[in-house]
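Enquirer: requesting a structural model of the entry that follows:
(chains A and B)
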2 protein chains.
Amino acid sequence: MRLSQFLLPVLKEDPSEAQIVSHRLMLRAGMIRQLSAGNYNWLPLGWKVLKNIGQVVREEMDKAGGLELLMPTLQPAELWKESGRYDAYGKEMLRMTDRHDRALLYGPTNEEVITDIVRNNVKSYKQLPLNLYHIQWKFRDEVRPRFGVMRGREFLMKDAYSFDVDAASARTSYVNMFNTYLKIFARLGLKTVPVRADTGPVGGDLSHEFHVLAETGESAVYYEEKWETLFAKESYTFADVEQLYAMADEMHVADKCKVPVKSARGIEVGHVFYLGTKYSEIMKANVMSKEGKEVPAEMGCYGIGVSRLVGAIIEASHDEKGIIWPESIAPFKTAIINLRVNDSKCNEACEALYQQLSIGKQDPLYDDRDASAGEKFATQDLIGTPWQIVVGPKGLEKGVIELKNRKTGEKQEIAADVVMQSISA
Amino acid sequence: MRLSQFLLPVLKEDPSEAQIVSHRLMLRAGMIRQLSAGNYNWLPLGWKVLKNIGQVVREEMDKAGGLELLMPTLQPAELWKESGRYDAYGKEMLRMTDRHDRALLYGPTNEEVITDIVRNNVKSYKQLPLNLYHIQWKFRDEVRPRFGVMRGREFLMKDAYSFDVDAASARTSYVNMFNTYLKIFARLGLKTVPVRADTGPVGGDLSHEFHVLAETGESAVYYEEKWETLFAKESYTFADVEQLYAMADEMHVADKCKVPVKSARGIEVGHVFYLGTKYSEIMKANVMSKEGKEVPAEMGCYGIGVSRLVGAIIEASHDEKGIIWPESIAPFKTAIINLRVNDSKCNEACEALYQQLSIGKQDPLYDDRDASAGEKFATQDLIGTPWQIVVGPKGLEKGVIELKNRKTGEKQEIAADVVMQSISA
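Expert: Residues are numbered from 1 along each chain as shown, chains lettered A, B, ... in the order given. Modelled structure (predicted):
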């Protein structure tokens, strides 16, 4: 992508409406613009990141045996009346009536709809276990939307629902999702703590929240020190954390805790629930068991805040210059910075690099604008491009090009013709 | 994907609620299930097709210089009051108020929001031309939703908006999109006729609709015979059709037409408009021209009904057995049909094929169910898998496997070890 042809409205000043760093940086980097309270336009740069995160989630869900489908944003009120949540949900649910006065709502979550799908299309234990998921926009009418996409009203969520014939199998499904979540967050460059959580209005009797530790986190979490040896590891699983203490605020009772704990602020990015038969019983989602008996399906539900993750990753990975994207989800992995657009040698070198990098799937961002070196450096650091190739007349005279790593700040001069290898290595 | 682990609720009987073949086949093939009037759950098979079509649209839009972003489904009423369309739009617009009594609507289209984005973020001709698009769910509250996804209420649409500094450049953008549409429809295996159309409430003074010819089409279209030589070609462009007569119903005046015309039924799958400055003037989306003058941007808008295309493709490509997918968007390109799941040689051969095909990006569908040969053949023909590999004990004794082409019905016996080559060829 040539920057001269891209829509990247970066801001030099901190916007006054943003209180936390991720919101400030998303506005400054031209990733989002507010359309109405808690409701954002995702400009091309932000949308690329959101798609990349969605793709990581999708790949790991598919590997774990999940089946992707898509349920509509609007749902009929009847299903929620059937489950008993229509009145209980309160003002966070956005309700409306259509031209024929039928009551609709904008889905804040999908237990009712997925249970309806399963009761109509699944009849036997032979069709189980099933893990059905979608990545779809939800709406929750927060009283005070704030912190940009971290607490928006229209937000993108991955929600998965597991269906099993008995509780033992449902627990296996739960652990499978638990481990999948740890893999997803690791791929996104995040260290997360899964804490025991209250099941709240969703129901069920087992639940974990996954928290990214960050000073700006809105929740308190409590965990024993041994966690810190896990954080140092590349990855960890359910088995590693099973015996360790980690509690959400409302579950932590200091007196009852027998190990010394640390407290920290966390941003909740995932939540898993074992639901049991709460929805399947009331909505009659029964399956035939191996023994020929009709039993309500055992369910679990598993959410990841996909749009919220964009903010959470920035909270966890930035510096005073801007965002530092993990390569796995960077909107552009590589930038080419042309320091002298009126110099034919610089242009030729940049064009050659741009063409060669574009052959692969790199989709490099070529800053071909007639702007100062300082502005170009600041732009790439702000938008967090992991690899920055700097092409200037002085370097070219020596036959070298500079390669800068956004995260470490490390710069190396490399012979122009071997730059490509360093990047793909 | 192993069919035993997939959610594929095929129906043997024609569902009574479906009046047209695409609706019947989408229900029978387990692609969709109705959630409420005009509102569908996309089950895993249907969702795969919808994603594949979206990806073809995205690739061609990107090649044409489009920049993808995402605008929310819900929009504030203020922008529509500003453009003057809030009252004019009528009952097709789904309106609601949030907990703070602010008026919102579910976007039926996005001219207002995109114009707002551009007026806030684009100031100079140097940032133009711009073509901004998104693939997002829309809602239009049809009085009588019908024909499945062909006339739904919540539907997936790709809408693009071009911004240029003057009318000449805007016309170039229009022709660029016109040709991109022809490419997209050709990749989807469709023959389309772009007909001159009325601009209606969208405004502007130049417009074409793209119609797939099908007996079940809801619109009449009129075109001169020379079109039929174009249909025989691999592809055609704006230049090829510029002088040919082709009109939408409301634009066709038989008396004024100087060439003999044919009439046919068409399914509208795309619509392009040259808007001029209708929205940019009223909403003050001005840019600085090269001459240093503030001028309203010249706009165009370009829609493709992505979810409707699923139905339109089926209308254009099916037989009495079921759907015939073009390979470009097939949910599974290849199926492996195991005729004897209790036979260890059949299982070994199928597993080997499945593993080998899964290494590439084929994502084969392996029918590993304990079901009759007849049921397995019927399922694959119903869901339209382009290539079907049939593995049975008699063939294996001879060292052969059968390869069937869904479209031609052609079957060939192939030595088991060269099957792979035939498929990838």
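Enquirer: for A:Y174, what are its contacts?
Expert: A:S162, A:L206, A:V272, A:Y274, A:G300 (C-beta atoms under 8 Å, 6 or more residues apart in numbering or on different chains). Using the backbone N, CA and C atoms, a C-beta is placed for each residue, glycine as well.
Enquirer: what sits against A:E234?
Expert: Contacts of A:E234 by C-beta under 8 Å, 6+ apart are A:A186.
Enquirer: A strand includes it, no?
Expert: No: counting by DSSP: H, G, I helix; E, B strand; the rest coil, A:E234 is not part of a strand but coil.
Enquirer: can you tell me the element A:Y133 falls in?
Expert: strand A:130-139 (DSSP states H and E).
Enquirer: quick check: angle from that strand to strand B:130-139?
Expert: 110 degrees (axes from the mean of the first three to the mean of the last three C-alpha atoms, to 10 degrees).
Enquirer: list the pairing partners of strand A:130-139 within its sheet, with orientation.
Expert: When pairs are called by DSSP bridges, strand A:130-139 turns out to pair with strand A:67-68 (parallel), strand A:154-164 (antiparallel).
Enquirer: does A:D240 touch A:T229 like I think?
Expert: No: counting by C-beta atoms under 8 Å, A:D240 stays clear of A:T229, with 9.8 Å between them.
Enquirer: of those two, who's got more company?
Expert: The neighbour count for A:D240 versus A:T229, taken as other C-beta atoms under 10 Å in any protein chain shown, is higher for A:D240 (16 against 10).
Enquirer: look up how far chain B lies from that one.
Expert: Relative to chain B, A:D240 is positioned 28 Å away (C-beta to the nearest C-beta, to the nearest Å).
Enquirer: and the helices in chain A?
Expert: A:21-28, A:44-63, A:77-83, A:85-88, A:111-121, A:167-187, A:227-231, A:238-241, A:278-282, A:306-316, A:344-359, A:373-383, A:393-398, A:419-424 (DSSP state H).
Enquirer: could you give the mean pLDDT of the second one?
Expert: Looking back up the chat, that one is helix A:44-63. For helix A:44-63, mean pLDDT rounds to 98.
Enquirer: please list the outside residues in contact with that helix.
Expert: The contact list for helix A:44-63, computed with C-beta under 8 Å, 6+ apart, reads A:6-8, A:26, A:29-32, A:42, A:68, A:131, A:133, A:135, A:156, A:158, A:160, A:180, A:183-184, A:187-188, A:304, A:306-307, A:309-310, A:313, A:325, A:328-332, A:383, B:67-70, B:132, B:134.
Enquirer: run the chain-centre distance for stretch A:169-183.
Expert: 18 Å (C-alpha atoms, centre = their mean, to the nearest Å).
Enquirer: hang on, A:R24 packs against A:A18?
Expert: Yes: at 4.1 Å, A:R24 counts as touching A:A18 under the criterion of C-beta under 8 Å.
Enquirer: higher neighbour count, these two?
Expert: Shown here are A:R24 and A:A18; by other C-beta under 10 Å, A:R24 has more neighbours (21 against 18).
Enquirer: the closest residue in space to A:F185 that isn't next to it in sequence: neighbour count?
Expert: Nearest residue to A:F185 in three dimensions, chain neighbours excluded: A:T192, at 4.4 Å (C-beta to C-beta, 6 or more residues apart in numbering or on different chains). Neighbour count for A:T192, taken as other C-beta under 10 Å: 25.
Enquirer: next one: A:T192 from chain B, what distance?
Expert: From A:T192 to chain B the distance is 26 Å (C-beta to the nearest C-beta).
Enquirer: got a PyMOL select line for the buried ones in the contacts of helix A:44-63?
Expert: A single PyMOL command selects the buried members of those (16 or more other C-beta atoms under 10 Å in any protein chain shown):
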select buried, (chain A and resi 6+7+8+26+29+30+31+32+42+68+131+133+135+156+158+160+180+183+184+187+188+304+306+307+309+310+313+325+329+330+331+332+383) or (chain B and resi 67+68+69+70+132+134)
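Enquirer: show me which residues of the stretch 51-200 of chain A sit near chain B.
Expert: For the stretch 51-200 of chain A, the residues in contact with chain B (C-beta under 8 Å from any C-beta of the partner chain) are A:65, A:67-76, A:91, A:94-96, A:98-99, A:102, A:104, A:106, A:113, A:116-117, A:120-122, A:126-127, A:130, A:132, A:134, A:137, A:139, A:141, A:143, A:153-154.
Enquirer: give me the buried subset of these.
Expert: Buried, going by 16+ other C-beta under 10 Å: A:67-76, A:94-96, A:98, A:104, A:106, A:113, A:116-117, A:121-122, A:127, A:130, A:132, A:134, A:137, A:139, A:141, A:153-154, out of these.
Enquirer: just list the residues touching the residue nearest to A:F185, thanks.
Expert: A:T192 makes contact with A:Y181, A:L182, A:F185, A:F210, A:H211, A:V212, A:L213, A:V269, A:G270 under the criterion C-beta under 8 Å, 6+ apart.
Enquirer: quick check: beta-bridge partners of it?
Expert: Counting by DSSP bridges, A:T192 is bridged to A:V212.
Enquirer: for A:E228, give its distance to chain B.
Expert: Taken as C-beta to the nearest C-beta, the span from A:E228 to chain B is 38 Å.
Enquirer: over to A:V221?
Expert: 29 Å.
Enquirer: in this structure A:N405 contacts A:P386, no?
Expert: Yes: judged on C-beta under 8 Å, A:N405 makes contact with A:P386 at a distance of 7.0 Å.
Enquirer: higher neighbour count, the two?
Expert: Legend: neighbour count by other C-beta under 10 Å for A:N405 and A:P386, higher for A:P386 (20 against 13).
Enquirer: now A:T199. Its backbone dihedrals?
Expert: Backbone torsions for A:T199, taken as degrees, to the nearest 10, come to phi -80, psi -20.
Enquirer: not counting sequence-adjacent ones, nearest residue to it?
Expert: A:S207 (4.6 Å).
Enquirer: the one you found: neighbour count?
Expert: A:S207: 23 neighbours (other C-beta under 10 Å).
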